[in-house]
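[1] Output the structure for:
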Amino acid sequence: MIRIVFKIDLGKCIAVVPKREDVKGSHVQDLNETFKHFLLRRKGICPVERHRKVVGFQNFVRLLPWWNLNDFTKYFENEKKKAPSYLCVTGSIEKPIRFTIYLVKKTEKAFKRKHEWTLSSLKEANFRSKESPDFELQLEKSYQWVATSVEEKTSFFSLLHQICSRLHRPPKFLNYQAEEVDESERANIAIVSVPKDGQIIESDEEDFGLTEREEVDLEKVLGRAENAVVNAEAFMEQLAKELSILDGENIHSIMESETQVNALMDSIDLSIGALEEIESELQDYEDSVVQVKNAVEKIEEENSQMGTASRNNQLLLAELTNLIETLDFPAASSVVNADLNTPQGIQKATQAVYSLKDALTLEENIHPALLRMQAVVDQKRRLEKYKNKFSLNLTSHLAKLFTHYGNFSSLDSVSSIQGFRLPPLLPMHKELSPYTQLSGWLKAMDFESFTSLVKTYTTSIQKIYDKNVKALFEEARNRISGSSSASSKIVTESTGDLRIRGRYFGKTRVLANRDGDTESQGSGEGSVDSSERQHFYDVLEQLLEGLEPAVNSEENFITSFFHITDASSTPTATSPSKNVGGGEIRRLMTIMFESIETELVSFLTHYEKLESSFCMGAMVRLGNHALKPENTSTYIGMIFGSVLVQEKRSFDRLMNSYVQIINDSRLVRKAKPGILAFVTDFEDFASMSETIFGGSVRRSDLEKWYVRMLTAIFDGINRLSNEGNKTPGEVIRMENFHRLHAILSKLKVPALDQQKRDAKTKYNEALNAYVTKYFGRPLVKLNEFFEGVQGRVSQGVKESEIGYQMAFSRAELKRVIKEYPAKEVKKGLDALYKKVDKHLSEEENLLQVVWRAMQEEFIVQYKSIESLIGRCYPGAKITLEFTIDDILLFFSEIAQSH
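    Reported below is the predicted structural model:
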């Protein structure tokens, strides 16, 4: 006999069965049918129909696998020693549905629940291998089970995956590939998952769970049948009889209501007839409305056609009126017979030609189809003739004016040149300004003639500016040299006789020139004095200021007169120095003022060959003029910027030559090297540079080279200090770093504060090294004695017990002290003073500084010896034969005696 244990409450339905092999086939069908009727037979609904609607039973059948179902998995913890257990997944009948996983253990008498988990607590399900029956579920901890077969495991995972896939937060399935499940099977399951936070999330599918009333009815039915569980077949027969009685009552009730049904059918027939009559009348009304609609639409169409014709007539009239007004040109005589010599004639011609321009540009205002009309074609041809004739007259007239000014040699520019300014062509600009609008018309209507006119202007005016620019630079040379004859000599003499050239230049030195070659050049800051240098810079400043007004005036004029804008600018293939900014205006200005850059570069190159440091002042002044607000984006600013680049290169070459001189310097073969030449040169160079650069915008370039030069000077001092034969290297470093620190302190350049601190540090290091090396220890034996004392103390001997050591007894100490009487100490210091005086040079005058440092070192040694005597020989009353006052007196007398 198979024993089945049921536990039924209103919330859950749990069934536990033994293994599949223990149940015979004859009992399977009986148990299935019995349990179906037991759960589902209620309110006259047949068991089969209710089987498809009740979710509770469907869940139960699918989640509690019995004999012929595939979602029941057997679990063995220990097959030999322990009773078998079963892993079951159940779903509740009550709404909402909750799923639970049970671990059921089989005992001798019944089945017992061992563990239970909610399905929402399942975090991970590991299928593992397809060949192995073992698997793993991650609940509150990891559980590992072994199914009876791989097929049982697969079936269990299939159902578990199907249920979990519809939860709000499904667990992870590892090593498992889900198979497609028939949607018809899934459609009958409404799943409700309960997340960890306890909120219930219902699915969108229909839920057929038992209501509270149905549960009450079911309890009443079960209450009447006390032996329903024990004798299921008798309970089923009782329910079937009750269902038959109810069905019979339903049939009798239907038969008794036949008369009322017939009356209802007659009423429906009458209603249908009335509706048909109403529908016929509505059809008549609809036919009438359709006729009216057609008539209205026809009227609307005729009105629309009349409106279209009216609008077309109005548009045609407007178009023809516009065409006639555009092509009509009554001022033809003013164009053909224009007077371009008087202001009134120029103004009248300007108005006429702009009207002609509007007529010729009718394509913008007239439909393209009208342009093919013969009348329009003929009128355009006549207008083109007017345009060509006036364009020819205007071009010829302006070209004659340009040529006239270019060949007008009587233009008085001598007074302006003598005033050291490039004379602007203001009278010519004033006379040409009335033609400005006509020039714009010519550019728009006949660009080829306009281009030819621009070329004529630039070619003609170039002659004037070339002559005036050369005269201005000749005047600059005269002002620098003092006479025109001297100026001509400067221009014509060869490079090899630079030493006798001009009034102010004498010495020469080989430096790298602008092209990187080696030529005789001025000796830098030493070849001219400050007044001569300032005179050159003043002339250069006046020269740059004299160039600006005329060039800016000409640029403004041609921009306005020839209507040149940025939009019309096109780059030109010129040299890099002449292509800065690009554009048409730059091209025209380059043609007219090409000589300015050439003359300025030649002027600066010539004088920089005589005095190489002139490039510094030229760079400062060019930078100031190039950055003027009024020169921004102008041609003269571009010229100054181009020349500034070349001057910056000359300045870099000059500074490189200075650094190279420092690196190539050698120590002078004399008794006392003293201050090295490049240190003195740097002082002169820095003084001159600060005067030239001041607070200019180019100061950053100078400060960068300051740092490089000081780096070379520091390296040079250290290098040459090791080459001295008689003079100690410490003295060379001490004197030169002292001088260098003084120079940097005088300059007060914030960018050189670090170098100033480094110079001070190196000076102190050299001073201390010299004092330590040459002063040494004048009390040699006494120092050696106390070195031995300190050695014994370091070995662990107490200072108070030193006097008991044979080698360091009081008698031995007194003997050593007697060897250094005051007279001998003074004699040794006097010899040391003479040696120091022999080492140091008179340029820097550091003798007293060094002597005072030696005095302080001697006092330190004296105090150290006195301290050791007091600690190691207490109460012995042993002292040196001279005091600190005697030391100070010795040093003072020796310094005064020399």
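[2] For the helix or strand A234 falls within, enumerate the helices and strands it packs against.
    Assigned by DSSP states H and E, A234 belongs to helix 232-256. Packed against helix 232-256 by the contact rule (3 or more Cβ pairs under 8 Å, 6 or more residues apart in numbering; DSSP states H and E) you find helix 25-40. For every residue, glycine as well, the C-beta is placed using N, CA and C.
[3] what's around K389, how many residues?
    When counting by other Cβ atoms under 10 Å, one arrives at 14 neighbours for K389.
[4] Distance check, R698 against I692.
    10 Å (Cβ to Cβ, to the nearest Å).
[5] swap in D681?
    Distance, D681 to I692, by Cβ to Cβ: 16 Å.
[6] These two: who's more crowded?
    Neighbours per residue, other Cβ under 10 Å: of D681 and I692, the larger number sits with I692, 22 against 19.
[7] Quick check, that one in contact with F614.
    No. Counting by Cβ atoms under 8 Å, I692 stays clear of F614, with 9.6 Å between them.
[8] residue ranges of the strands in the stretch 151-300 of the chain, please?
    Taking DSSP state E, counting those that start in this stretch, the strands of the stretch 151-300 of the chain run over residues 172-174, 192-193, 201-202.
[9] among those, which gets the worst mean confidence?
    Note on the strands of the stretch 151-300 of the chain: lowest mean pLDDT is at strand 201-202, with a mean of 37.
[10] Can you pull up the most central residue in this protein?
    S700 (27.3 Å; Cα atoms, centre = their mean).
[11] Next, count neighbours for the nearest residue to Q144 once chain neighbours are set aside.
    Setting aside the residues directly before and after it, Q144 is nearest to E136 in space (Cβ to Cβ, 6 or more residues apart in numbering), at 5.0 Å. Taking other Cβ under 10 Å as the criterion, the count of residues near E136 is 15.
[12] E136 bridge partners, please.
    N126, Q144 (DSSP bridges).
[13] For the stretch 351-500 of the chain, which segments count as helices?
    Counting by DSSP state H, counting those that start in this stretch, the stretch 351-500 of the chain has helices at residues 374-407, 414-418, 426-432, 436-445, 447-481, 484-492.
[14] Tell me, how many residues neighbour E279?
    Neighbours of E279 using other Cβ under 10 Å come to 9.
[15] should've said T395
    18.
[16] show me the contacts for it.
    Counting by Cβ atoms under 8 Å, 6 or more residues apart in numbering, T395 touches 442, 446, 449, 452-453.
[17] try D886
    Taking Cβ under 8 Å, 6+ apart, one finds 822, 825 in contact with D886.
[18] Make 54 the starting number, not 1.
    In the new count, where the first residue is 54, that last one comes out as D939.
[19] give me the element the spatially closest residue to Y439 that is not a sequence neighbour is part of.
    Of all residues not flanking Y439 in the chain, V388 sits nearest, at 4.9 Å (Cβ to Cβ, 6+ apart). Assigned by DSSP H and E, V388 falls within helix 385-389.
[20] Share the number of residues neighbouring I728, please.
    So I728, with other Cβ under 10 Å, has 17 neighbours.
[21] Are we agreed that it is in a strand?
    No. With DSSP: H, G, I helix; E, B strand; the rest coil as the criterion, I728 is coil rather than part of a strand.
[22] where does K681 fall, phi/psi-wise?
    phi -60, psi 140 (degrees, to the nearest 10).
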